[in-house]
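J.: my questions are about this predicted structure, shown below with the sequence.
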Amino acid sequence: MVVVVAVLAGGCDKLFGSGDDEGDDDVFADARPDVVPDAEPARFEIGGRVANLLGTGLILELDGGEQLTFDADATFAFDEARLDGADYTVTIATQPATQACVIRNGAGTIGADDIDDIEVECAVGTLRITEVSTCFFANVPCWVEVFNASTTDAENLSAYRLRSNASPRAGGTITTRSFLLPSLVIPPGGYAIVRGRGSDDLVDGLNLVNLLEGDLVPYWAANGFVELTKSDKTVDFVRFGSSATTPTTIGWNGAGAPAVPDTDVYGAVVARDAAATDTNAASNWTTRAFGTPGGVNDITLDADTDNDGIPDQAEVSGGRFAGLDLFAMGARTAQPDIFLEIDYMTSADPGVTPRQGALDKVVAAFAAHGIAVHPDVGSLISDYNLGGGNAVASSALIALGAFNGAANHYALKAANMDVRRQAYAHYAVFAEELTDVPAGTAGLAEVEGNDLVVALGFLNLASGTTANNNRLDNYQATTLMHELGHNLGLLHGGNEDANHKANYISVMNYLYSFAGLPTIGTDEGDRYRLFRAGAGCATAGEDNLTNSPTATTFVLDFSTGTSLPLAEGALLESAGLRRPNSAGGVDFNCSGAISGTVSVDVVAGITTLNDYDDWSNLELAFVRNGSGASAQVEVRFDHFTDELRPLADETGFRP
């Protein structure tokens, strides 16, 4: 821009003054009375804090110029202040000798205020908290997932502490506790689960530890915090809900992460993203309906349209669940899926080793009702090898829990089953004999749980002949389906524990488990007569039943609920089992002939026997259901693997 100034003749003296005029200063002042010397513009400091520094050598630098050197944690401000609107960049010019530090909020623009939120955090460990579970009762174990962010070095949990709220297992005053962590090596990029030992029955595993100090366990509800510390310095921290707890050393930016979900939401978590983003802020955390314990947090959508407890996102091509490819294992969004890992004891008894024929029968029975069962016995059977399934050490006895001299089913699970699978897959062990139920019991399972045992080693079963091979397949199949049925919420009478109801045509019914289901319309009372042989019913024995256990035509199924009620006080024998297509009648009173209306007490007192629609009432999503068995007083479960559910009463369950 060019400025032109015109000056009148003789005007210079008047404008700029001369030594001959009096009052020149007054004339100038009078002309511009509002002019004052310029004020110094405001300048603003640039600073923040250094946290977790253990040694010397850390140097911070402002815009490639001024440097600050640190040998301990401190707040700081550079000497050079800046004008409003100025850009700035603070970098780490030199890392300390024994640590790696990161800088947050290191660049920006001054906005008429001092900058004091630059965070320099020096790593004292590479572990990160990546998931926090739902947790509502002190005896329902709370858990957190821990991730080793290092790409090169393993980390041992024992070098860390877990700080959180804590509660006695029986309930009581809530305190804050810094829990010692046991030895557990987490490889680079690996995960571990740290869980409260809500019950003495909970067992540590390959990448799972349980915490209990005195009678205190980690505990939180909708609001709380979890912190990992090392050398009395914060390694990682998250607070959630309305908690105002602060970390031991590092900063936390703003409000807490989302609150942990309410008590009616099981299996949900507050989680980081798959990259484990860590800026010490709520924005890193999201509430998710499906936790992925023990693996990468790759589930971001909540839909489960087939209600099988597996998110739709993991049942499509390219989807993953905690890093596992369930689609490749057979999961689909259009079908309910049941995954079943089977470990088996090494044994010379053929009843103990899983057989393909048995698994084929179970798969077919469920497939007929639109449900896909995916057994996994590892390399034992190529058709059912999903990467799990293990041969485990032989033991004469097994129990679901600790029992002197017996293998502990839960310990076998912890030692052999990938933690990532435990959130969606049932765990079975084929074993010799059970010991925590009456001797001669062929199986045992949790009700509405995910653990079961098939124990046929005491029967001296043989192989080789067609009849023997068929019996092996059929006994294994019916026992496995029966115990899996308990896991899916069924009792021996369907929705009740009334056993031996003749019109309840299901493998859950002892009448129709090892003997198989009757053939409606063709001597449909043959299983009933076998059961009532001691009451005088004539029978030719198990091997002579229609579609007997030694036949390839043996039938196993759950009930469809289509039988009409049987009133034991007025049983019309000619109506048989009152099933559609019933024919020929049933000799309920063992008279040797089909007569008229009779009264027979079969179950427990003269009552009306009702069928139940098993298939319409299966509880597939075990880890998302916290109700337990309604008939039980004590309901034990957790939000991780749904361990320690009440057990079915299997007294007398045997051929």
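T.: That came in fine, so what should we check first?

J.: which positions in stretch 321-329 come out as buried?
T.: Buried residues in stretch 321-329, counting neighbours by 16 or more other C-beta atoms under 10 Å, are found at Phe321, Ala322, Leu324, Leu326, Phe327, Met329. (Glycine included, C-beta is placed from N, CA and C.)

J.: also stretch 89-108?
T.: Val90, Ile92, Pro96, Gln99, Cys101, Ile103, Arg104, Asn105, Gly106.

J.: strand partners of the helix or strand where the second one lies, parallel vs antiparallel please.
T.: Secondary-structure assignment from DSSP states H and E places Ile92 in strand 87-94. In the sheet containing strand 87-94, its partner strands are strand 58-62 (antiparallel), strand 107-109 (antiparallel), by DSSP bridges.

J.: can I get those strands in CSV with mean pLDDT?
T.: Output for those, formatted as CSV (pLDDT from 0 to 100):
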stretch, mean pLDDT
strand 58-62, 98
strand 107-109, 97
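
J.: which of those sits most buried?
T.: Burial of these is given as mean neighbour count (mean count of other C-beta atoms under 10 Å); strand 58-62 ranks first at a mean of 19.

J.: returning to that earlier point: in strands only, show me the buried residues of stretch 89-108.
T.: Val90, Ile92, Cys101, Ile103, Arg104 (DSSP state E).

J.: which SS class is Ser394?
T.: Under DSSP: H, G, I helix; E, B strand; the rest coil, the three-state class of Ser394 is coil.

J.: read off the pLDDT value for it.
T.: Reported pLDDT at Ser394 in the predicted model: 94.

J.: Ala9 now?
T.: Value listed for Ala9 in the pLDDT field: 40.

J.: now do Val265
T.: 66.

J.: what do you get for Ala535?
T.: For Ala535, the predicted pLDDT is 88.

J.: for it, what are its contacts?
T.: Shown in contact with Ala535 (C-beta atoms under 8 Å, 6 or more residues apart in numbering): Cys590.

J.: the helix ranked longest in the chain - contacts with which helices or strands?
T.: Secondary structure of the chain per DSSP state H: the longest helix is helix 466-487. If contacts are counted by 3 or more C-beta pairs under 8 Å, 6 or more residues apart in numbering; DSSP states H and E, helix 466-487 sits against helix 356-367, strand 425-431, strand 443-445, strand 451-455.

J.: of the ones you listed, which is nearest Ala170?
T.: strand 451-455 (24.8 Å; C-beta to C-beta).

J.: that closest one pairs with which strands, parallel or anti?
T.: By DSSP bridges, strand 451-455 pairs with strand 425-431 (parallel), strand 443-445 (antiparallel).

J.: got a markdown table for these, with distance to Thr126 and mean neighbour count too?
T.: A markdown table is the format used below for the strands paired with strand 451-455 (distance: least, C-beta to C-beta, whole Å; neighbours: other C-beta atoms under 10 Å):
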| stretch | distance to Thr126 | mean neighbour count |
| --- | --- | --- |
| strand 425-431 | 30 | 27 |
| strand 443-445 | 41 | 27 |
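
J.: mind putting those strands into TSV with mean pLDDT and distance to Gly521?
T.: Output for the strands paired with strand 451-455, formatted as TSV (pLDDT from 0 to 100; distance: least, C-beta to C-beta, whole Å):
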stretch	mean pLDDT	distance to Gly521
strand 425-431	97	35
strand 443-445	95	30
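
J.: so which of those gets nearest Tyr160?
T.: Nearest of the strands paired with strand 451-455 (C-beta to C-beta): strand 425-431, 29.1 Å.

J.: which non-adjacent residue is nearest His409?
T.: Leu400 (4.7 Å; C-beta to C-beta, 6 or more residues apart in numbering).

J.: burial count for the one you found?
T.: Leu400 has 26 neighbours, counted by other C-beta atoms under 10 Å.

J.: gap between the longest helix of the chain and the chain center?
T.: On the basis of C-alpha atoms, centre = their mean, to the nearest Å, helix 466-487 sits 29 Å off its chain's mean C-alpha point.

J.: repeat for stretch 178-190
T.: On C-alpha atoms, centre = their mean, the centre of stretch 178-190 falls 19 Å from the chain's centre.

J.: so what touches that stretch?
T.: So stretch 178-190 is contacted by 127, 146-148, 150-158, 160-164, 166, 192, 194, 204, 207, 209, 211, 213, 216, 218, 229 (C-beta under 8 Å, 6+ apart).

J.: narrow these to those in strands?
T.: 127, 146-148, 155-156, 161-164, 166, 192, 194, 209, 211, 216, 218, 229.

J.: now a ChimeraX select for only the buried ones of these.
T.: Selection of the buried residues among the ones in strands among the contacts of stretch 178-190 in ChimeraX, burial being defined by 16+ other C-beta under 10 Å:
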select :127,146,147,148,155,161,162,163,164,166,192,194,209,211,216,218,229
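
J.: any idea how far Pro336 is from Asn307?
T.: 7 Å (C-beta to C-beta, to the nearest Å).

J.: who touches both of these two?
T.: Leu620.

J.: more crowded one of these two?
T.: Pro336 (22 against 12).

J.: just give the closest residue to that one, not the sequence neighbours.
T.: Per C-beta to C-beta, 6+ apart, closest to Pro336 is Asp308, 4.1 Å.

J.: thought that neighbour was touching Glu619?
T.: No: using C-beta atoms under 8 Å, Asp308 is not in contact with Glu619; the gap is 10.3 Å.

J.: and the two? which has more neighbours close in?
T.: Comparing Asp308 with Glu619 by neighbour count (other C-beta under 10 Å), the higher total belongs to Asp308, at 23 against 17.

J.: gap between Asp308 and Leu452?
T.: 18 Å.

J.: just checking, Thr286 touches Ala268?
T.: No: at 10.9 Å, Thr286 and Ala268 do not qualify as touching, with contact defined as C-beta under 8 Å.

J.: so which of these two has more stuff around it?
T.: Using other C-beta under 10 Å as the criterion, Thr286 and Ala268 rank with Ala268 on top: 20 against 15.

J.: for the residue nearest to the more buried one when sequence neighbours are not counted, report the pLDDT, please.
T.: In space, Ala268 comes closest to Pro261 once its chain neighbours are excluded; the distance is 4.2 Å by C-beta to C-beta, 6+ apart. Per-residue confidence (pLDDT) for Pro261: 83.

J.: Pro261 contacts Ala271, doesn't it?
T.: No: using C-beta under 8 Å, Pro261 makes no contact with Ala271, being 11.4 Å away.

J.: which residues do these two both contact?
T.: Thr287.

J.: who's more crowded, these two?
T.: When Pro261 and Ala271 are compared for neighbours, Ala271 comes out ahead with 26 against 20, by other C-beta under 10 Å.

J.: what's the spacing between the more buried one and Ile129?
T.: In terms of C-beta to C-beta, Ala271 sits 10 Å off from Ile129.

J.: what touches both of the two?
T.: Glu145.

J.: in contact with Ala414, which residues?
T.: Val203, Asp204, Gly205, Leu206, Leu208.

J.: with that, I have no additional questions.
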